[in-house]
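Undergrad: Fold the following.
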Amino acid sequence: MPINVLILNESPFITECLRLAINSNPDLYCVSASSETEALASIADRHPQVVLCHSSELENCANYLPFIRSACSHPAPIPVALITSCETPEHHHEALQAGATGILSKAITVKDLVHSIHLLSNGGVAFWPASTWAALEARLCRPQPDGLTLPAIETLTPRELDVLLLIGEGHRNDQIANLLDLEFSTVKDHVSAILAKLGAANRTQAAIIAVRSGYFRPSPQPLHTGIPRQCRR
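TA: Below is the predicted model of the structure:
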């Protein structure tokens, strides 16, 4: 079955362009919504596997934060990516904290957009271009203000740490299962335990907590999508 993609955007022209680009891939099927109310109703009725929020203006990034929180608090959380021309790491950080699992530039090609949708639908994270994550990583690794604590990475078991490391690299659950020689259901259980212990709403937030806790440090080799390859400190 094709991956059901929901586009949230106010501009009919841009929406139609995105719809045609996405539907050109036989593995994808695109529907659209022009308002957050319509999009939430579509989530309930159509059960999309990925939501793309297209920000038409720089300041519109913040306008999508309530919707992102609502979509991520859904009984079956849905990956939400923001397509934007905004290059401000602070705004990207706010979107990730709200639960977004992808930040994509408006300059993205159709090929890279399709690849990102597949990655998101399989539980991965997507950043395009790679410099988007590089700027975010610099912000995430800043020292925490006094009095602000992060969930303890030490509460995770050694196997959960292995899974978290691979989540940070942008691997899907099936890939993690292959890499660690585990059953797919076991990986899902580990991911659920990681999110619960870290108080994270999704995989991206778990990776952010790991970065800010100092468990990961970036490798000099950037990846096309997903959080750039990490290594233990």
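
Undergrad: what separates the residue minimising distance to the centre of the chain from residue 47, distance-wise?
TA: Nearest to the geometric centre of the chain sits residue 101, at 1.1 Å (CA atoms, centre = their mean). According to CB to CB, to the nearest Å, residue 101 stands 17 Å off from residue 47. All C-beta atoms are positioned from the backbone trio N, CA, C, and that covers glycine.

Undergrad: Could you tell me how many residues sit around the closest residue in space to residue 67 that isn't next to it in sequence?
TA: Nearest non-adjacent residue to residue 67, counting by CB to CB, 6 or more residues apart in numbering: residue 36, 4.4 Å away. When neighbours are counted by other CB atoms under 10 Å, residue 36 registers 17.

Undergrad: What of the one 10 residues further on?
TA: By the criterion of other CB under 10 Å, residue 46 has 13 neighbours.

Undergrad: any idea how far it is from residue 200?
TA: From residue 46 to residue 200 the distance is 26 Å (CB to CB).

Undergrad: what's the answer for residue 155, then?
TA: Residue 155 sits 12 Å away from residue 200, going by CB to CB.

Undergrad: quick one, which of these two is more surrounded?
TA: Legend: neighbour count by other CB under 10 Å for residue 155 and residue 200, higher for residue 200 (20 against 12).

Undergrad: Is that one within a helix or a strand, and which one?
TA: Using DSSP states H and E, residue 200 falls within no helix or strand.

Undergrad: I'd say it and residue 209 touch.
TA: Yes. Using CB atoms under 8 Å, residue 200 is in contact with residue 209, at 6.0 Å.

Undergrad: What average pLDDT does the strand or helix carrying residue 191 get?
TA: Element membership of residue 191, judged by DSSP H and E, is helix 184-198. For helix 184-198, the mean per-residue pLDDT is 92.

Undergrad: helices or strands next to it in the packing?
TA: Under the contact criterion of 3 or more CB pairs under 8 Å, 6 or more residues apart in numbering; DSSP states H and E, helix 184-198 touches helix 158-168, helix 173-180, helix 203-212.
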